[in-house]
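A.B. asks: Provide a 3D model corresponding to the input given below.
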Amino acid sequence: MKYEIGQIILGKVVNVKPYALFLEFEDGITGLLHISEISDSFIRDIEKYGTIGDEMKVKVVSIDDNNGFLRVSYKRVPQEEAYNSHDNSSRKAPKMNSDDFKPLEEKLPEWIATTLAEAKGEDK
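C.D. replies: This is a model prediction of the structure:
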């Protein structure tokens, strides 16, 4: 397959480094998704955005003329194009760890008690 700059393509994550995800595309072509091309926000853990075996849609940013190696971007894929596929996992929410939900964890028991009391018609 011949790739063009600006093309949206589906790739599979084959390697994860702290600074980038490496993807494989049709015909065994490989590419680099640098951490700066995943999100405009700070990324503490790149594995929240992709792990080995994940498929994701990316946009071709540049192509190495010598070996066909692709440099790609995830954040430049328009949302409507990312979701307009048979596989909606192409733009997935980041994986969260338990530290991401500490405030929720602290408030949850209170919310549950309030909801149960309201369901029973009681005031909490």
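A.B. asks: strands of this structure, start to end?
C.D. replies: Assigned by DSSP state E, the strands in the chain fall at 8-17, 20-24, 30-34, 55-63, 70-73.
A.B. asks: now for those strands, which one comes closest to E47?
C.D. replies: Judged by C-beta to C-beta, the one of the strands of the chain that comes nearest to E47 is strand 8-17, at 6.0 Å. For every residue, glycine as well, the C-beta is placed using N, CA and C.
A.B. asks: tell me the buried residues in that closest one?
C.D. replies: 8-9, 11, 13, 16 (16 or more other C-beta atoms under 10 Å).
A.B. asks: of these, which pair is most distant in space?
C.D. replies: Across the buried residues of strand 8-17, the longest distance by C-beta to C-beta is 21.8 Å; it joins I8 and V16.
A.B. asks: can you pull out the low-pLDDT segments for the chain?
C.D. replies: Across the chain, the ranges flagged by pLDDT under 70 are 83-105, 122-124.
A.B. asks: can you show me the helices along it?
C.D. replies: Along the chain, counting by DSSP state H, helices occupy 79-83, 102-119.
A.B. asks: quick one: distance of the longest one to the chain centre.
C.D. replies: The chain centre lies 30 Å from the centre of helix 102-119; the measure is C-alpha atoms, centre = their mean, to the nearest Å.
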